[in-house]
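>>> Give the three-dimensional model of this entry:
(one chain, ligands or ions: 4)
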Amino acid sequence: MQLKKLLKSLGPYALYNGKDAEITSIENDNRKVVQGSLFICIKGFTVDGHDFAQKAFEAGAAAILAERELAAELPIPVIIVKDTKKASSILADAFYDHPTQKFNLIGITGTNGKTTTSHLIETILQKANKKTGIIGTMYTKIDNEIQETKNTTPEAVTLQKIFHQMAEKKVETAVMEVSSHALSEGRVFGCDYDIAVFTNLTQDHLDFHGTMDEYRRAKGLLFTRLGNVYSQEAPKFAVLNKDDAASEEYEKLTAAIVVTYGIDKEADIMAKDIHITSAGTEFQLITPAGRFPVALKMVGKFSVYNALASIAAAFVSGIPMETAITALESVKGVSGRFETVDAGQDFSVIVDYSHTPDSLENALVTIKEFAEGDIHVIVGCGGDRDKTKRPLMADIACKYAKHAIFTSDNPRSEDPLQILKDMEAGVVGKEYKVIADRKEAIEYAVKNANANDVILIAGKGHETYQQVGAQTFDFDDRLVAREAILGVKK
Ligand SMILES: CC(=O)N[C@H]1[C@@H](OP(=O)(O)OP(=O)(O)OC[C@H]2O[C@@H](n3ccc(=O)[nH]c3=O)[C@H](O)[C@@H]2O)O[C@H](CO)[C@@H](O)[C@@H]1O[C@H](C)C(=O)N[C@@H](C)C(=O)N[C@H](CCC(=O)O)C(=O)O
Ligand SMILES: Nc1ncnc2c1ncn2[C@@H]1O[C@H](COP(=O)(O)OP(=O)(O)OP(=O)(O)O)[C@@H](O)[C@H]1O
Ligand SMILES: N[C@H](CCC[C@H](N)C(=O)O)C(=O)O
Ligand SMILES: [Mg+2]
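Ligands and ions are numbered 1, 2, ... in the order given. Prediction:
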């Protein structure tokens with residue numbers, strides 16, 4: 001695409017010397033630049049992309065987009081704009097010819113349940129014979145082909161490229177997790193959502209957002225940005241959790257049609273007569289299309305919420321309720337979410353991605369409902385993340401589990417022992433054990449478990465690595481637990 005044509009999407013805003021160039025790709029990482037790339041300099045939290053402009057030029061960049069004059073003059077067009085991060089969203093959307101206008105896009109935001117709900121919706125859509133795409137914490141999947149991605153919601157240039165691939169593959173509906181970080185950083189500017197789903201709002205990420213008010217506001221952006229236009233062909237919907245107080249605010253913010261779901265408060269889509277066992281969850285589903293019995297293989301009240309959110313998304317997508325229910329009933333679970341490890345032992349081992357106070361409490365409350373023996377929990381907190389959730393998570397672990405073991409999650413750049421001290425501050429005078437090495441902590445719990453006990457290994461779920469300092473080691477809670485069980489049996 002010609003540079004001049006591309007820059008039209010920025011309006012009369014872009015200031016440059018008027019030279020044109022053929023642009024072959026858009027990149028904001030100089031290491032990805034090829035002949036003809038437009039390199040966008042972004043000032044990040046860690047480094048300043050402007051410092052890589054020279055390298056981008058040497059790698060073949062045909063033009064540079066920057067927020068200020070570059071240190072050295074370059075013989076290619078240099079365009080100056082006020083906000084390169086925002087411009088990267090606008091330009092990537094234009095470069096890939098507005099891909100999200102070519103298929104249905106469902107965005108899911110909320111503190112917990114995004115990955116799970118996105119997979120439930122994917123299963124329903126596939127049951128309804130739709131070609132799907134998914135973008136989230138675990139990976140990007142385009143028509144069932146998996147690509148690794150770094151963030152839950154990738155930055156705009158990567159994101160629009162993924163959408164372009166989805167459009168090329170004729171994806172009919174894409175489901176994506178929209179993190180609060182992505183909303184506040186504008187990674188999703190330009191995404192033409194058809195349905196926006198809210199799961200819940202509880203404490204997390206205060207390191208980034210500062211206060212719960214700011215965090216709530218960031219998530220609300222998904223609903224304000226659903227647009228202010230109405231179309232008979234493609235109406236827009238906000239799917240809100242009536243039982244979460246934030247929904248009231250989001251309902252007022254959005255121009256889209258609101259559909260609510262819930263258990264406690266009266267909602268459009270509801271679950272009644274919920275019956276939870278260790279094998280699954282049964283309930284009566286109440287919808288505007290009728291009342292249906294549902295038997296999920298997933299456990300816990302939180303699983304009912306995820307199912308209801310998915311049903312609501314299916315309902316506004318025009319998918320028959322029977323199809324949606326059949327699909328949901330077939331789901332055994334999502335990788336690393338309440339996943340059981342069975343190596344023939346006489347106690348239960350559950351690996352769960354609960355890394356927030358609320359999700360940890362939900363997981364433990366659910367286990368308490370069916371555990372016949374003692375509960376053991378192995379839990380740590382991630383480094384370089386919200387420090388205020390550490391004492392809260394430790395307290396919850398001690399409140400529900402007879403045997404609480406504090407260990408390392410992904411310490412990242414922090415001292416693992418300091419993270420553990422932050423956790424311990426929440427449980428003064430309570431009984432717990434600290435085993436910093438996660439493998440040893442798991443082995444300890446397995447060795448000490450009696451028949452019918454339940455061990456919850458919380459925080460890392462599907463992750464197959466552990467980040468310690470700048471290094472990433474192989475680590476999979478499920479494999480480590482399996483080996484520990486087999487080791488004890490020998
Ligand atoms: C705090 C935060 O949001 N960080 C994100 C941010 O990193 P950053 O600002 O530090 O980037 P940077 O390293 O300073 O780089 C600045 C610019 O220079 C460029 N660069 C950099 C190095 C180089 O050699 N050459 C070069 O061109 C980079 O491509 C970039 O354009 O931009 C990066 C690229 O887009 C992201 O990968 C990174 O996410 C990091 C890995 C991260 O951990 N983010 C977390 C907090 C996050 O966003 N999490 C949410 C999920 C949370 C949840 O819901 O639970 C998510 O959506 O993933
Ligand atoms: N609706 C829910 N409400 C509360 N807790 C939930 C809910 N769904 C799942 N959980 C708990 O939260 C954990 C994480 O779930 P999931 O991965 O689906 O959330 P997420 O929002 O994608 O998280 P992330 O922000 O890390 O991407 C699960 O392992 C489970 O313990
Ligand atoms: N998306 C979450 C994942 C946390 C997972 C946990 N294992 C950790 O490393 O803190 C975050 O980036 O905060
Ligand atoms: Mg997720």
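
>>> anything in stretch 151-166 sitting right up against ligand 1?
Yes - Stretch 151-166 is in contact with ligand 1 by Cβ under 6 Å from any ligand atom, via 151-153, 155. Just so you know, the C-beta spots here come from the backbone N, C-alpha and C atoms, and that holds for glycine as well.

>>> Look up phi and psi at the residue of the chain found nearest ligand 1.
As assessed by Cβ to the nearest ligand atom, ligand 1 sits closest to residue 44 within the chain, at 2.1 Å. Torsion angles at residue 44 (phi, psi; degrees, to the nearest 10) stand at phi -90, psi -170.

>>> quick one on the thing from earlier: quick one: mark the members of the residues of stretch 151-166 next to ligand 1 that sit in helices.
Using DSSP state H, no member of these falls within helices.

>>> And for residue 52, nearest residue in space, chain neighbours not counted?
residue 30 (3.8 Å; Cβ to Cβ, 6 or more residues apart in numbering).

>>> Okay, that neighbour and residue 333: tell me how far apart.
41 Å (Cβ to Cβ, to the nearest Å).

>>> Check residue 444 too.
According to Cβ to Cβ, residue 444 stands 26 Å off from residue 333.

>>> neighbour count winner among the two?
Using other Cβ atoms under 10 Å as the criterion, residue 444 and residue 333 rank with residue 444 on top: 19 against 16.

>>> List the residues that contact that one.
With contact set as Cβ atoms under 8 Å, 6 or more residues apart in numbering, residue 444 has these partners: 405, 433, 435.

>>> can you rerun that using 6 Å?
residue 435 (Cβ atoms under 6 Å, 6 or more residues apart in numbering).

>>> Please apply the same query to residue 313.
Residues near residue 313 by Cβ under 6 Å, 6+ apart: 106, 121, 195, 197, 239.

>>> The last one reaches residue 312, doesn't it?
The one in question is residue 239. Yes - using Cβ atoms under 6 Å, residue 239 is in contact with residue 312, at 4.5 Å.

>>> And these two? Which one has more around it.
Between residue 239 and residue 312, counted using other Cβ under 10 Å, residue 239 has the larger neighbour count: 30 against 26.

>>> pretty sure the more buried one is in a strand, no?
Yes - judged by DSSP: H, G, I helix; E, B strand; the rest coil, residue 239 forms part of a strand.

>>> Residue numbers of the chain in contact with ligand 2?
The chain has residues 110, 112-116, 137, 152, 177, 199-200, 302, 305-306, 337, 352-354, 358-359, 362-363, 461 near ligand 2, with proximity defined as Cβ under 6 Å from any ligand atom.

>>> Just the ones in helices from the residues you listed, please.
Per DSSP H, these map to helices at 114-116, 302, 305-306, 358-359, 362-363.

>>> Neighbour count and pLDDT added to those, as JSON lines?
Converted to JSON lines, those look like this (neighbours: other Cβ atoms under 10 Å; pLDDT from 0 to 100):
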{"residue": "114", "neighbour count": "27", "pLDDT": "97"}
{"residue": "115", "neighbour count": "23", "pLDDT": "97"}
{"residue": "116", "neighbour count": "27", "pLDDT": "97"}
{"residue": "302", "neighbour count": "25", "pLDDT": "93"}
{"residue": "305", "neighbour count": "25", "pLDDT": "98"}
{"residue": "306", "neighbour count": "30", "pLDDT": "98"}
{"residue": "358", "neighbour count": "20", "pLDDT": "93"}
{"residue": "359", "neighbour count": "25", "pLDDT": "95"}
{"residue": "362", "neighbour count": "24", "pLDDT": "95"}
{"residue": "363", "neighbour count": "25", "pLDDT": "96"}
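
>>> who's in contact with stretch 202-221?
Around stretch 202-221, the neighbours that count as contacts under Cβ under 6 Å, 6+ apart are 109, 111, 180, 183-184, 201, 246, 250, 253, 356-358, 385-386, 388-389.

>>> Let me know the pLDDT of the closest residue to residue 400 other than its chain neighbours.
Leaving aside its sequence neighbours, residue 400 sits nearest to residue 364 (Cβ to Cβ, 6+ apart; 3.7 Å). Looking at residue 364, its pLDDT is 97.

>>> From residue 302, how far off is residue 364?
To residue 302, residue 364 is 12 Å away according to Cβ to Cβ.

>>> Relative to the whole chain's centre, how far out is stretch 411-427?
For stretch 411-427, the gap between its own C-alpha mean and the chain's C-alpha mean amounts to 24 Å (Cα atoms, centre = their mean, to the nearest Å).

>>> Show the pLDDT at whatever residue of the stretch 351-490 of the chain ends up closest to ligand 3.
Here the residue of the stretch 351-490 of the chain nearest ligand 3 is residue 382; by Cβ to the nearest ligand atom that distance is 2.0 Å. On the pLDDT scale, residue 382 is placed at 98.

>>> Hmm, it is touching residue 409, no?
Yes - using Cβ under 6 Å, residue 382 is in contact with residue 409, at 4.7 Å.

>>> More neighbours: which of the two?
Shown here are residue 382 and residue 409; by other Cβ under 10 Å, residue 409 has more neighbours (22 against 19).

>>> Ramachandran coordinates for the residue nearest to that one when sequence neighbours are not counted?
Nearest residue to residue 409, sequence neighbours excluded (Cβ to Cβ, 6+ apart): residue 380, at 3.6 Å. Note on residue 380: backbone dihedrals following degrees, to the nearest 10 are phi -140, psi 180.

>>> Done for today, thanks.
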